[in-house]
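Student: any chance you could fold what I've pasted below:
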Amino acid sequence: MPSNDDEVGRLATTFDTMLAQLDDAFRRERQFTSDASHELRTPLAAMQTILNSTMTRRRTPAEYEQALTDLSAEIHRMRTLIEELLHLARRDSDHSTFNYEPVDLSLLLDDVLDSLYPLAEKKGLGFTRKIEKHIVVTGDRDALVRLFANVLGNAIKYTQTGGIIVLASTRQNLCEIVIQDSGIGISTEHLPHIFDRFYRVEHARSTEGTGLGLSIALEIARTHNGDIHIDSIVGKGTTVTIQLPV
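Tutor: I've put the predicted structure just below:
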């Protein structure tokens, strides 16, 4: 259609826009299904390999024990992946499953940091906290715990030395939570894709993870009318800024 600024031209433009959005939605759905099947096949293939290798001949008790340990690790990985896929499916279909109520974010952040402290301590990392008292938001407590646990879990996973700084304060009608680590950082070309489902930076593929943690965190933040922004310098660390309305 010629781009006439009349009723028919505007109608044609509206149809074009609608079709483009539908095409993009179908493309993302196909990509998600393809990625999900690939990710599910990986632990299954690993388990089959372990079993086939173990059953080729009689093994010592120590070898059988190691095989069971390896199988347990793959099952744990698969269970985590399935739980996160179910979480995304439920949230995609119905955001009303969130249970909104007043939540003291200051206490919630302290609880999440306390629960993750043993993981950080195991790597010799420390937490520096500067959390304003009595920050109250309206939200789903369990979902917010998952948001901060995902982001802080990544900070611990990709930081080998130094520590993690957690700042939380309010200004005007926004609460801003800043989580800064001294880890390996993320290169510039990866930053635009870091929230894509199943996207993992190459060095991250050798560590445990599903590639869904940050995607889930962003989805939770946006469902709470907030947002997440990431800045990073390779070799120096990553800063994650989460904003939520108070």
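
Student: and the helix or strand hosting residue 42, what does it pack onto?
Tutor: Residue 42 belongs to helix 7-54 when assigned by DSSP states H and E. Counting contacts by 3 or more Cβ pairs under 8 Å, 6 or more residues apart in numbering; DSSP states H and E, helix 7-54 is packed against helix 61-93. Every C-beta, even on glycine, is put in place using the N, C-alpha and C of the backbone.

Student: what's the angle between the helix holding residue 42 and helix 61-93?
Tutor: In terms of direction (axes from the mean of the first three to the mean of the last three Cα atoms, to 10 degrees), helix 7-54 departs from helix 61-93 by 170 degrees.

Student: quick one: helix 7-54 to chain centroid distance?
Tutor: Taking Cα atoms, centre = their mean, to the nearest Å, the mean C-alpha location of helix 7-54 is offset from the chain mean by 18 Å.

Student: what's the answer for stretch 72-92, then?
Tutor: 12 Å.

Student: same thing with stretch 114-125?
Tutor: Going by Cα atoms, centre = their mean, the spacing between the C-alpha centre of stretch 114-125 and its chain's C-alpha centre is 19 Å.

Student: contacting residues for the residue most central in space within the chain?
Tutor: By Cα atoms, centre = their mean, the chain has its centre lying nearest to residue 213, at 1.6 Å. Neighbour list for residue 213: 84, 150, 151, 153, 154 [criterion: Cβ atoms under 8 Å, 6 or more residues apart in numbering].

Student: and the gap between it and residue 105?
Tutor: Using Cβ to Cβ, to the nearest Å, residue 213 is found at 20 Å from residue 105.

Student: sorry, back to before: so which of the contacts of residue 213 is the most crowded?
Tutor: residue 151 (24 neighbours; other Cβ atoms under 10 Å).

Student: give me the distance between that residue and residue 137.
Tutor: 16 Å.

Student: ditto for residue 109
Tutor: 11 Å.

Student: right, and residue 154 touches residue 215 too?
Tutor: No - the pair residue 154 / residue 215 is not scored as a contact, 11.9 Å apart, by Cβ atoms under 8 Å.

Student: and the protein, what are its domain boundaries?
Tutor: Domains of the chain are assigned by automatic domain parsing as 7-93, 98-245.
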